[in-house]
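**Student:** only geometry, no sequence info:
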């Protein structure tokens, strides 16, 4: 951001990302899906505004989601890491839809390391997510709890991130270059 003021358009776009995260997270939680669906807004905002926008979106979304699902607050660092990595990585691969699996992996790994440790050490592998059953099954089969959490988080978060990136690509591709510049806070010439 480097000394620039946050524009009204950026605030609104971040708010949109927060709402997308909250609604996606509620859908995942309500239906006990093994994926989380709470990072779509983070990746969308990070793809257009950059790392700081993704991190703010994850922070606000996690705080608000924490009002109904206390586990969300504990995973704030993982969401913020996803926002940072997505913001750094997405502009480099934005025009390459074929790179979704690879991009998903690169965005997933750093956040998974953090979230798996939180899952294992703070919650003993059991959270409100539908993937907790997978952690417990692996653990009862003799796999170490941290390794069980890491494997489960890696698989479920990878699927979650690939779905999120696919949806973000769909939205990103229909945004005009003028709109993207306006959201980024760059000078635009003409209509949006």
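**Tutor:** Now that the structure is in, tell me what you want to look at. This structure is a prediction, so every number in the text was calculated from the model and none was measured.

**Student:** who touches stretch 98-117?
**Tutor:** 43, 75, 77-79, 81-82, 85-86, 89-90, 93, 146, 149-150, 152-154, 157-158, 161-162, 165-166, 169 (Cβ atoms under 8 Å, 6 or more residues apart in numbering). To be clear about C-beta, it is placed using only N, CA and C from the backbone, and glycine gets the same treatment.

**Student:** Just the buried residues of these.
**Tutor:** 43, 75, 77-79, 81-82, 85-86, 89-90, 93, 149-150, 152-154, 157-158, 161-162, 165, 169 (16 or more other Cβ atoms under 10 Å).

**Student:** Among these, which are located in helices?
**Tutor:** Within those, residues falling in helices by DSSP state H are 43, 77-79, 81-82, 85-86, 89-90, 93, 149-150, 152-154, 157-158, 161-162, 165, 169.

**Student:** where are the low-confidence patches of this structure?
**Tutor:** 1-3, 189-192 (pLDDT under 70).

**Student:** And the most centrally placed residue in it, how close does it get to residue 82?
**Tutor:** Nearest to the geometric centre of the chain sits residue 39, at 2.6 Å (Cα atoms, centre = their mean). Note on residue 39: its distance to residue 82, by Cβ to Cβ, to the nearest Å, is 5 Å.

**Student:** Which neighbours do the two have in common?
**Tutor:** 58, 161.

**Student:** For residue 164, the count of nearby residues, please.
**Tutor:** By the criterion of other Cβ atoms under 10 Å, residue 164 has 29 neighbours.

**Student:** distance of it from residue 171?
**Tutor:** Following Cβ to Cβ, the distance that separates residue 164 from residue 171 is 11 Å.
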